[in-house]
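> quick one: sequence and predicted model below, then my questions.
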Amino acid sequence: MDPKKFLVELQRRNVYKVGIAYGVVGWLLIQIATQLFPVFEIPNWGARMVVVIVLLGFPVALILAWAYELTPEGLQRTDEVDPQLSRTRRPGRKLDFVIIGVLLAVIAVMTFRHYRPAIFGPNEAASKSIAILPFIDLSQTKEQDYFSDGITEQIINSLAHIHGLLVVARTTAFSFKNKDMDVREVGRQLHVTHMLEGSVNRGPDKVRVVARLIDVANGFHLWSETYYSTEKDLLSLQSDVAKKVASALRIELHLAETTQFAKSPTQDPEAYDLYLRGRYLLNKRTPDSIQKGRALFEQAVAKDPQFALGHAGIADSYILLGKAGAISPDEVSRGAWSEISNALGIDENLAEVYISRATLLADFDWNWPAAEADFQKALALNPNSAIAHHWYSRYLAQLGRSDEALKEVTAAEKLDPLSPVILTSKAKIFSAAHRYQDAIPYCLKAIDLEGNFRLAFQVLAQAYLHNKQYPEGIEAAKKYVELSSGSGWAKLELAYAYAVAGNKSESDRIVSEVTSQPEPFSPYDMATISAVWHDTSGAFRWLEKAIEQRSVDVIWIRVDPRLDPLRSDPRFAQVLARLVPRHSSSPPPE
């Protein structure tokens with residue numbers, strides 16, 4: 001057969017044009033299947049079947065184009081059509097119009113998908129925002145909750161480092177755990193454009209992780225992947241997910257982000273598993289769970305001394321125990337400093353460690369200038385860190401910089417809108433600025449989210465009292481005592497409430513009860529009560545004692561409304577002058 005005559009015959013029979021038209025239409029069908037099938041909950045094999053059918057149909061279409069020709073009389077075998085009449089009718093022109101029309105449609109679709117972010121207006125962050133729902137534990141024993149939660153949290157942390165992507169923080173994302181809700185409805189509630197959901201099935205030797213990225217606007221799956229990993233492969237899974245999500249959202253990663261993703265937190269799967277168990281317990285935020293979490297972190301770094309996040313976990317444990325009053329400030333400093341130094345010595349680009357060091361410097365060592373530098377470093381490394389914005393806002397409020405504090409806590413709230421901790425901190429910042437009517441609704445919102453969140457009742461009680469709503473303040477203080485298991489620290493809050501309300505006898509009774517017991521109590525709170533009793537000398541004696549003990553409450557001394565009766569006294573300036581850094585145990589930031 002003459003090749004030239006064969007190619008001419010292919011052209012005469014419109015085989016080329018049929019092939020092009022089939023390819024374009026087939027591509028459109030595949031796009032429709034992959035986008036619409038998930039909306040109607042058609043299984044993934046349905047879309048794969050469409051792809052297979054389109055591919056198998058291609059040679060069939062070419063064979064039919066060779067064998068048959070479309071004429072005004074209908075479909076006829078090409079051999080039965082006069083070649084001269086075929087040229088005259090030029091049936092290929094119809095295919096030309098079909099091809100041009102379909103190509104224009106393809107160009108329009110691709111143009112829309114490429115430039116779609118601009119349609120949302122100037123707020124670029126709004127078009128690139130995401131929430132990661134807790135991955136579902138599909139293991140047979142249902143004992144891998146810590147593992148699925150840990151994978152989710154690590155993916156959140158990885159995505160949070162991507163520039164131009166707003167990532168909803170852990171507390172808000174986990175508030176939807178075990179709730180049977182449509183993923184698009186969750187996305188609309190959180191005001192994000194995309195959702196990431198998935199599942200984890202961990203067996204003896206293999207781990208199966210499924211991840212799906214969903215467009216909230218239409219429910220389309222932009223990307224999905226199933227990972228069949230060994231325990232060692234799992235160490236890089238969260239980085240791989242983050243990179244593929246960024247690609248699906250058309251975000252070009254910076255070199256620093258790519259470098260960070262290339263790092264594995266540890267090379268030891270057992271150390272990583274211990275770390276995930278420790279984070280799971282740490283997030284429960286009870287003294288007992290924090291102690292158990294710290295023990296697991298210590299086991300993790302024993303297996304891998306170069307595990308920076310493990311060292312950071314130990315430091316965080318000490319800091320949280322100190323804030324809960326379970327250990328003394330001296331114990332916090334002794335335990336946390338070496339771990340922070342170890343973590344930064346291994347990886348100096350971990351935002352989490354700078355947050356820990358800043359908190360240690362400000363709240364326990366009273367080195368406020370050094371603390372601010374660390375907060376700013378953490379935010380430079382991870383602008384999406386709700387934790388960094390949150391703790392920095394409290395630091396600013398403690399120094400009386402209320403406008404800056406409100407800006408930072410609002411940034412934290414945007415990233416983690418359903419966090420009772422952040423809402424309560426915003427209320428405390430409002431109270432420190434004497435904006436009690438603004439503080440009360442945030443406390444109530446926090447309580448609405450978590451009915452037994454005791455810190456919200458503590459801040460609410462003070463806001464009510466300073467707003468002269470004395471009965472409500474006393475009731476909130478009583479609830480705080482109840483949720484605190486009747487501790488001496490909490491009872492002094494109730495004593496303060498009775499004192500402000502004018503019931504000195506009941507206030508005096510509670511103080512006598514607390515101070516006569518061997519259990520610890522807050523000398524700082526005793527100073528606030530003495531101030532209400534107009535016992536100014538007693539108030540300053542208690543403040544001196546609080547400073548000697550380096551009480552965690554002292555950090556609010558500059559702005560605490562409860563101490564307003566003392567501020568005009570010359571002795572107050574002398575007390576403030578005693579707030580000096582703990583030079584002996586707090587090494588300066590590197």
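Noted; the coordinates are in hand. Numbers count the residues shown, from 1 in each chain.

> how close does Leu492 sit to Leu321?
Counting by C-beta to C-beta, to the nearest Å, the gap from Leu492 to Leu321 is 21 Å. For glycine as for every other residue, the C-beta is placed from the backbone atoms N, C-alpha and C.

> between those two, which one's more packed in?
Set Leu492 next to Leu321 and count neighbours by other C-beta atoms under 10 Å: Leu492 wins out with 25 against 20.

> if I look at the more buried one, what pLDDT would I see?
Note on Leu492: pLDDT of 97.

> name the element it belongs to?
Using DSSP states H and E, Leu492 sits within helix 488-500.

> what's the angle from the helix or strand just after that helix to helix 488-500?
Counting by DSSP H and E, the element after helix 488-500 in chain order, helix or strand, is helix 504-515. Going by axes from the mean of the first three to the mean of the last three C-alpha atoms, to 10 degrees, helix 504-515 is angled at 160 degrees with respect to helix 488-500.

> which elements pack onto helix 504-515?
If you count contacts as 3 or more C-beta pairs under 8 Å, 6 or more residues apart in numbering; DSSP states H and E, helix 504-515 packs onto helix 488-500, helix 523-532.

> try it again at 7 Å.
Under the contact criterion of 3 or more C-beta pairs under 7 Å, 6 or more residues apart in numbering; DSSP states H and E, the helices and strands touching helix 504-515 comprise helix 488-500.

> who are the packing partners of the helix it packs on?
Helix 488-500 makes packing contacts with helix 454-466, helix 470-483, helix 504-515, helix 523-532 when contacts are defined by 3+ C-beta pairs under 7 Å, 6+ apart.

> what about it, distance to the chain center?
Averaged C-alpha coordinates place helix 488-500 at 36 Å from its chain's average position (C-alpha atoms, centre = their mean, to the nearest Å).

> next: stretch 146-153.
How far stretch 146-153 lies from its chain's middle: 13 Å, per C-alpha atoms, centre = their mean.

> could you point out which residue ranges in the chain have low pLDDT?
Of all residues in the chain, those with pLDDT under 70 make up the ranges 1-2, 4-13, 16, 34-45, 69-127, 231-232, 583-590.

> please enumerate the strands of the stretch 151-300 of the chain.
Along the stretch 151-300 of the chain, counting by DSSP state E, counting those that start in this stretch, strands occupy 166-167, 194-202, 207-215, 221-229.

> what would the ones you listed look like in TSV with mean neighbour count and distance to Ala546?
Rendered in TSV, the data for the strands of the stretch 151-300 of the chain read as follows (neighbours: other C-beta atoms under 10 Å; distance: least, C-beta to C-beta, whole Å):
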stretch	mean neighbour count	distance to Ala546
strand 166-167	26	39
strand 194-202	22	46
strand 207-215	20	50
strand 221-229	15	52
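
> now tell me what touches stretch 355-374 from outside.
By C-beta atoms under 7 Å, 6 or more residues apart in numbering, the surrounding residues in contact with stretch 355-374 are 312, 315-316, 319, 322, 329, 332-333, 336, 340, 354, 375, 378, 387-388, 391, 395, 399, 552, 555, 579-582, 586, 588-589.

> also stretch 274-285?
Counting by C-beta under 7 Å, 6+ apart, the neighbours of stretch 274-285 from elsewhere in the structure are 146-147, 149-150, 153, 289-290, 292-293, 296-297, 299-300, 307, 309-310, 313, 316-317, 320.

> can you give me the buried ones in stretch 352-363?
Across stretch 352-363, burial judged by 16 or more other C-beta atoms under 10 Å covers Glu352, Val353, Tyr354, Ile355, Ser356, Arg357, Ala358, Thr359, Leu360, Leu361, Ala362, Asp363.

> how far is it from where the chain is centred?
19 Å.

> now it - C-alpha only, CSV.
Listed next in CSV are the C-alpha coordinates belonging to stretch 352-363 (Å, rounded to 0.1, in the frame of the first residue of the first chain):
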residue,chain,number,x,y,z
GLU,A,352,6.3,26.2,68.1
VAL,A,353,9.6,26.3,70.1
TYR,A,354,9.8,30.1,69.8
ILE,A,355,6.2,30.3,71.2
SER,A,356,7.2,28.1,74.1
ARG,A,357,10.3,30.2,74.8
ALA,A,358,8.4,33.4,74.6
THR,A,359,5.8,32.2,77.0
LEU,A,360,8.5,31.0,79.4
LEU,A,361,10.3,34.3,79.2
ALA,A,362,7.2,36.4,79.7
ASP,A,363,5.1,34.5,82.2
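
> walk me through the domains of this protein.
Under the assignment automatic domain parsing, the domains of the chain span 3-119, 125-264.

> if we can go back for a sec, now the buried residues of stretch 352-363 in CSV, with secondary structure and distance to Trp223?
Written out in CSV, the entries for the buried residues of stretch 352-363 read as follows (DSSP: H, G, I helix; E, B strand; the rest coil; distance: C-beta to C-beta, whole Å):
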residue, secondary structure, distance to Trp223
Glu352, helix, 27
Val353, helix, 31
Tyr354, helix, 32
Ile355, helix, 31
Ser356, helix, 34
Arg357, helix, 37
Ala358, helix, 36
Thr359, helix, 37
Leu360, helix, 40
Leu361, helix, 41
Ala362, helix, 41
Asp363, helix, 42
